[in-house]
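>>> sequence plus predicted model, see below.
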Amino acid sequence: MLGHLSFGVKDLVRAGAFYDEVLRPFGWIRLWDDPKGLGYGRPGEGEKLNLFPHADARPPGPGFHLAFDAPDRASVDAFHAAALAAGGTDRGGPGLRPAYGPSYYAAFVTDPDGHRLEAVHQ
């Protein structure tokens, strides 16, 4: 459905270090890298998340978050741990979310620029 999503970030180096770690559990890597931005995705599939530096970058408003499809529960756990170690903020640790469905296993974080992120395995 979506081709890709782009985020503005205040510090591209800091954001790159964060996303290098939190996307690894999903098999995503940095596909391109230059002073004007970074692109992430799975090898051979093209970028799905782009980061671009902007001095006045700020996250979208209430109600918006980006959910990454995790291949298993262990990758949800790894995403959450990596995010906290890389400077993210906890917004809900790994676990079942029965309000969303009987097998909805997710974790929630905020990146250093304030973007709300989720990893989910169903």
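Happy to help now that I have it. Here the structure is a predicted model, which means the values were calculated and not measured.
>>> can you name every helix or strand that the lengthiest strand in the chain contacts?
As far as residue count goes, and with DSSP state E defining each element, the longest strand of the chain is strand 89-96. Counting by 3 or more C-beta pairs under 8 Å, 6 or more residues apart in numbering; DSSP states H and E, the packing neighbours recorded for strand 89-96 are helix 73-85, strand 105-110. Just so you know, the C-beta spots here come from the backbone N, C-alpha and C atoms, and that holds for glycine as well.
>>> redo that, cut-off 10 Å
Applying 3 or more C-beta pairs under 10 Å, 6 or more residues apart in numbering; DSSP states H and E, one finds that strand 89-96 makes contact with helix 73-85, strand 105-110, strand 116-121.
>>> tilt between the second one and strand 89-96?
With axes from the mean of the first three to the mean of the last three C-alpha atoms, to 10 degrees applied, the angle from strand 105-110 to strand 89-96 works out at 180 degrees.
>>> so what strands line up beside strand 105-110?
The strands that strand 105-110 pairs with in its sheet are strand 89-96 (antiparallel), strand 116-121 (antiparallel) (by DSSP bridges).
>>> now render the helices and strands packed on strand 89-96 as TSV, adding mean neighbour count and mean pLDDT.
As requested, the helices and strands packed on strand 89-96 are arranged in TSV below (neighbours: other C-beta atoms under 10 Å; pLDDT from 0 to 100):
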stretch	mean neighbour count	mean pLDDT
helix 73-85	20	98
strand 105-110	22	98
strand 116-121	21	98
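>>> format the ones you listed as a markdown table; extra columns: distance to residue 16.
Formatted as a markdown table, the helices and strands packed on strand 89-96 follow (distance: least, C-beta to C-beta, whole Å):
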| stretch | distance to residue 16 |
| --- | --- |
| helix 73-85 | 14 |
| strand 105-110 | 17 |
| strand 116-121 | 15 |
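>>> wait, residue 22 sits on residue 70?
No. Residue 22 lies out of contact with residue 70 (C-beta atoms under 10 Å); the separation is 11.1 Å.
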